[in-house]
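>>> A predicted structure for the sequence below; I have some questions about it.
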Amino acid sequence: MAEADIGIAMGAAGTDIAIETSDFVLMSDDLAKVPYIIKLSRRAVKNIRQNIVVSLFIIAFLVPVAVCGWIGLVPGLLINEIGGLIVIANGLRLLR
């Protein structure tokens, strides 16, 4: 167990220590869900990377434009908030 890469705990029948130290917990005690969990985690990492890129792109656009004075405070804030909503909507795609 000490050299394992991934720890899986069975939630309903597992001990509290196993649940706290494992990488993921199967609450339904069904090992057939492991491929689904791996697929979901890969989608989550991909989604996180997309959100970071979108956020950095918006900030990289807004900072020079604001420093040059080409955009006011209110439009800059609105663009930033719209970017935040885009990131949230992209994150919500994982729920389907």
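Sure, I can see it. Numbers count the residues shown, from 1 in each chain.
>>> what residues are up against Asn90?
Asn47, Gln50, Asn51, Val54 (C-beta atoms under 8 Å, 6 or more residues apart in numbering). Glycine gets a C-beta too; all of them are placed from N, C-alpha and C.
>>> The second one and Val74: what is the separation?
Here Gln50 is placed at a distance of 28 Å from Val74 (C-beta to C-beta, to the nearest Å).
>>> These two: which is more packed in?
Using other C-beta atoms under 10 Å as the criterion, Gln50 and Val74 rank with Gln50 on top: 14 against 8.
>>> Ile71 - how many residues pack around it?
17.
>>> I'd like the numbering to begin with 524 instead of 1 from here.
Sure thing, new numbering starts at 524, so read that last one as Ile594.
>>> Give me the secondary structure label for it.
coil (DSSP: H, G, I helix; E, B strand; the rest coil).
>>> That one - nearest residue in space that isn't next to it in sequence?
Val588 (4.8 Å; C-beta to C-beta, 6 or more residues apart in numbering).
>>> and the helix or strand where the one you found lies, which residues are buried?
Val588 is located in helix 557-590, with elements delineated by DSSP states H and E. In terms of neighbour count (16 or more other C-beta atoms under 10 Å), helix 557-590 has its buried residues at Asn570, Asn574, Ile581, Leu585.
>>> Identify the residues contacting stretch 587-598?
Under the contact criterion C-beta under 8 Å, 6+ apart, stretch 587-598 has outside partners Leu585, Gly599, Ile602.
>>> show me the contacts for the first one.
When you say that, I think you mean Leu585. Applying C-beta under 8 Å, 6+ apart, the residues near Leu585 are Ile594, Gly599, Ile602, Asn603.
>>> I'd like to know which of those are buried.
Ile594, Gly599, Ile602.
>>> any idea which element the last one lies in?
Spelled out, that is Ile602. With DSSP H and E as criterion, Ile602 is part of helix 596-615.
>>> any idea how far that helix is from the chain center?
Remark: helix 596-615 is offset 17 Å from the chain centroid, using C-alpha atoms, centre = their mean, to the nearest Å.
>>> And for stretch 575-589?
Mean-position distance between stretch 575-589 and its chain equals 19 Å (C-alpha atoms, centre = their mean).
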